[in-house]
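Visitor: Would you be able to build a 3D model of this:
(chains A and B)
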Amino acid sequence: MKDRFLNRMAWLHTWFGLVLGFVLMAAFFFGALSVFDREIDRWAIPETRFDPQPMPSFDAVLQPVYAQLRPHPDDMVATQQRVIGPLPHPDTLPMSSLWAYTTHRDPVLRIGAEFDVPNKLKDDADEHAHVHGWATIDPRSGRFLADDKLKIGSDWFYPMHYGLNWSWMNLGYWLVGLAGFTMLAALVTGVIMHRKIFREFFTFRPWKRTQRSALDLHNLTGVVALPFHFFFAFTGLVIFAGSLYFPVGHTLLKPLHKQHEVLEAQRTGLPHEPAGIAAPLASVDAMVLEAKRRWAARDMPGEVGLLSIEHLGDANGYVSLYRAGSDQVALVGQAIHFKASTGEVLREEPPPGAVGGINEFLTGLHLQHFEHWPLRWLYVLGGLLGCVCIATGFIFFVEKRKRKHAESGSQGSRIVDALAVTTVTGMMIAAVGMLVINRLLPADLAGKVDWEKLAFWGCWMLALAHALWRSAPVARARMNPAWREQCWGIAVLAVSAVGLNWLTTGDHLIKTMSGEPYWAVAGVDLSLLATAGIAAWSARKLARREQTPVAPMATEVVHG
Amino acid sequence: MTDPSPRDAALPHGPGPHAALRGRTRPSILHRVAAALLGGYAFTWGFTTLGVAGLVALGVDFHEAETALLLLAFLVFLSLFLWAFAAASLVRVWAVLGGGAVCMTVAALALQRVLLT
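Guide: Got it, this is the predicted structure:
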């Protein structure tokens, strides 16, 4: 009875871990990179290499910017598919709401708006008769930044982390969700399997056979960072639960949700619907001053992180100012709402309730917008420990089976090993290769974004092809040389990226570290060099392991 | 540490797990995976929906109720998922998960109707 239970938990751990581990690896690796997404953006878009800026003056800088903002062509196409009849010309659509968002790490400012469309919607249940516009601006001047520059950190690595950049039917999100859920299950089943957890905690025998040291490292990284892994997988799921995984408020309980919104609007005095009467906009800068004064009076002085205006140009319009979360775990908060036409305070939000507070704390800890650089690096370390845990799981899976497979002629471990190469070293080749291409292609090349994305997937596919091509030794119970060769690939690419950054921008490490310190770029360069060093060291170690003769078929039961 | 059971028989990375499943046909494994994933997911949907409606009926703010249930949802799902793998009878798994999902969803919709009138 007990054995059957343990066997089933082990089966779950092994097979769910293997199949979804490939996705989980991407979530952990790109999650670790996302901790420094803004800094990677600066590296990839050299014209944005200036210091982080506070929210600029709305009246002087932002108002003229919003006057020029138009619905985005991409969203015009998407919205056209949801409405009956052709959409009017984008220039004629009235802007009904707007937002601007920044953090303590952003030199550039992201802005966006919703524009009303007169068309009827095809689906009655669809209530969103809007088309969106968005842009990135230089907050010092209000100048629009070119739309065709890919923010490789925050618009590629970051969404890769939670959606694989695969938007078709949201499948990327669902796969990552399933992988995150698998992580929770794998952690629980892992603990059940390894009951001698405290002994294993201190067990690492790198001098032993690959199989045993891989298992040691798998247990060590799994246990030492267990709270970290569980926390991130869990909060990652919670972040998307309300909108994607369990959207009860938007489906089954939508009527209840709507009733709540109407009641909420009455209670808070923030109008749910526009009045239909035109009204001018009072000075938003004055509202910002008042908000800052009120925050300071509550002993929490701060900057505006999020600014939004609802029912723009309408008598029911209101301005919401949220305090930036540089010094708190929650992203933004302490919102103060003003009547747009007069600037009078409509509502100062009370602190969240107990549950809301817990949720803000948990999701805030995952999304980490607070200002704390050592903690940021700990996040990276935790993410990479997760990668090591998953990767050693793959290696253990292969090492345990490959001798048996070599005898029986099965190709199973050979294929799993090639996929593991692709997910471990191949993924790094894709990420670093993308940075190299970013520096090689001229800045004004039309469609540079698409070339960069193509380079990312292309590098990854090449890594897969290479891993499969070189995989034959695994079927003879030996090591795939692709591991070592791709490590050299990473080392060469990473050093090239640093060199190309110097050549194309003049920002070499001596300058970014001491001459005119700019740690965002210096940090990316230093990380690339560290990566190159570790990759080269690994390649040399692997070369030595490849030389050792195949051990005879193990008779020992391989465990703890 | 003082586990009296013969440890080797239950070694997770030993021959155990595969020996245990070797006798089973592939469809039966897929069936269990489907029951654990889909059944567990459906049950959690029902649980979340009924939980939110129930808390709102008790006077809790809608978003507060929603947040509370979404924080619980994945822990409930995880427990059900593991239980579905451990349970002896798949029929019982489907009965509990499927039946629970249907009952709770229907109850939540009925409760919502009462709350809105």
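
Visitor: and the gap between the spatially most central residue of chain B and chain A?
Guide: Nearest to the mean C-alpha position of chain B, by C-alpha atoms, centre = their mean, lies B:Leu80 at 2.7 Å. B:Leu80 is 11 Å from chain A, where distance means C-beta to the nearest C-beta, to the nearest Å. Every C-beta, even on glycine, is put in place using the N, C-alpha and C of the backbone.

Visitor: I'd like the distance between that residue and A:Leu526.
Guide: Note on B:Leu80: its distance to A:Leu526, by C-beta to C-beta, to the nearest Å, is 46 Å.

Visitor: one step back: which neighbouring elements make contact with the strand or helix carrying the residue nearest to the centre of chain B?
Guide: Here B:Leu80, judged by DSSP states H and E, is contained in helix B:62-86. Applying 3 or more C-beta pairs under 8 Å, 6 or more residues apart in numbering or on different chains; DSSP states H and E, one finds that helix B:62-86 contacts helix A:2-34, helix A:171-193, helix A:226-240, helix A:254-268, helix A:354-367, helix B:40-57, helix B:90-116.

Visitor: how about that helix: buried residues?
Guide: Applying a neighbour-count criterion of 16 or more other C-beta atoms under 10 Å in any protein chain shown, the buried positions in helix B:62-86 are B:62-71, B:73-74, B:76-78, B:80-82, B:84-86.

Visitor: For A:Ile137, give me its contacts.
Guide: A:65, A:108-109, A:111, A:143-145 (C-beta atoms under 8 Å, 6 or more residues apart in numbering or on different chains).

Visitor: where does chain B dip in pLDDT?
Guide: B:1-25 (pLDDT under 70).

Visitor: Could you give me the PyMOL syntax to select whichever of the contacts of A:Ile137 are buried?
Guide: The PyMOL selection below is limited to those of the contacts of A:Ile137 classed as buried (16+ other C-beta under 10 Å):
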select buried, chain A and resi 65+108+109+111+145
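
Visitor: Name the next helix or strand downstream of the least confident helix or strand in chain A by mean pLDDT, please.
Guide: The helix or strand of chain A with the poorest confidence is helix A:197-201; it has a mean of 57 (mean pLDDT, DSSP states H and E). With elements assigned by DSSP H and E, the helix or strand that comes after helix A:197-201 is helix A:210-224.

Visitor: Find the nearest non-adjacent residue to the residue nearest to the centre of chain B, please.
Guide: Nearest non-adjacent residue to B:Leu80, counting by C-beta to C-beta, 6 or more residues apart in numbering or on different chains: B:Gly40, 4.0 Å away.

Visitor: A:Ile277 versus the one you found, what's the distance?
Guide: B:Gly40 is 51 Å from A:Ile277, by C-beta to C-beta.

Visitor: again, but for A:Ala340
Guide: From A:Ala340 to A:Ile277 the distance is 12 Å (C-beta to C-beta).

Visitor: When those two are compared, which one has more neighbours?
Guide: A:Ala340 (25 against 10; other C-beta atoms under 10 Å in any protein chain shown).

Visitor: tell me the pLDDT at that one?
Guide: Note for A:Ala340: predicted pLDDT of 96.

Visitor: State the distance from it to A:Val61.
Guide: Between A:Ala340 and A:Val61 the computed distance is 18 Å (C-beta to C-beta).

Visitor: Also A:Asp327?
Guide: 25 Å.

Visitor: more neighbours, the two?
Guide: Ranked by neighbour count (other C-beta under 10 Å), A:Asp327 and A:Val61 place A:Val61 first, with 19 against 13.

Visitor: so that one sits in a helix?
Guide: Yes - per DSSP: H, G, I helix; E, B strand; the rest coil, A:Val61 lies within a helix segment.

Visitor: A:Thr103: neighbour count?
Guide: 19.

Visitor: what about the residue lying closest to it once chain neighbours are set aside, which SS state?
Guide: Spatial nearest neighbour of A:Thr103, excluding adjacent residues (C-beta to C-beta, 6+ apart): A:His369 at 5.2 Å. When classified by three-state DSSP, A:His369 comes out as coil.

Visitor: So what does A:His369 have for phi and psi?
Guide: Main-chain torsions, A:His369, degrees, to the nearest 10: phi -100, psi 0.

Visitor: so it makes contact with A:Gly325?
Guide: Yes - under the criterion of C-beta atoms under 8 Å, A:His369 makes contact with A:Gly325 at 4.9 Å.

Visitor: so what's in contact with these two at the same time?
Guide: Common neighbours of A:His369 and A:Gly325 (C-beta under 8 Å, 6+ apart) are A:103, A:331.

Visitor: A:Tyr165 belongs to a strand, doesn't it?
Guide: For the record, residue A:165 is Asn, not Tyr. No - with three-state DSSP as the criterion, A:Asn165 is assigned coil and is not in a strand.

Visitor: Look up how far chain B lies from it.
Guide: Taking C-beta to the nearest C-beta, one finds A:Asn165 at 24 Å from chain B.

Visitor: I'd assumed A:Gly172 was in contact with that residue.
Guide: Yes - between A:Asn165 and A:Gly172 there is a contact under C-beta under 8 Å: 6.6 Å.

Visitor: State the three-state secondary structure for A:Leu281.
Guide: coil.

Visitor: distance of it from chain B?
Guide: In terms of C-beta to the nearest C-beta, A:Leu281 sits 29 Å off from chain B.

Visitor: Run through the residues that contact that residue.
Guide: A:63, A:309, A:312-313, A:317, A:340-341.

Visitor: cool, and A:Val345?
Guide: With the criterion set at C-beta under 8 Å, 6+ apart, A:Val345 makes contact with A:290, A:294, A:336-339.

Visitor: From A:His272, how far out is it?
Guide: 19 Å.

Visitor: How about the backbone phi and psi for the closest residue to A:Asp59 other than its chain neighbours?
Guide: In space, and not counting its chain neighbours, A:Asp59 is closest to A:Asp285: 4.7 Å by C-beta to C-beta, 6+ apart. Phi and psi for A:Asp285, reported as degrees, to the nearest 10, are phi -60, psi -40.
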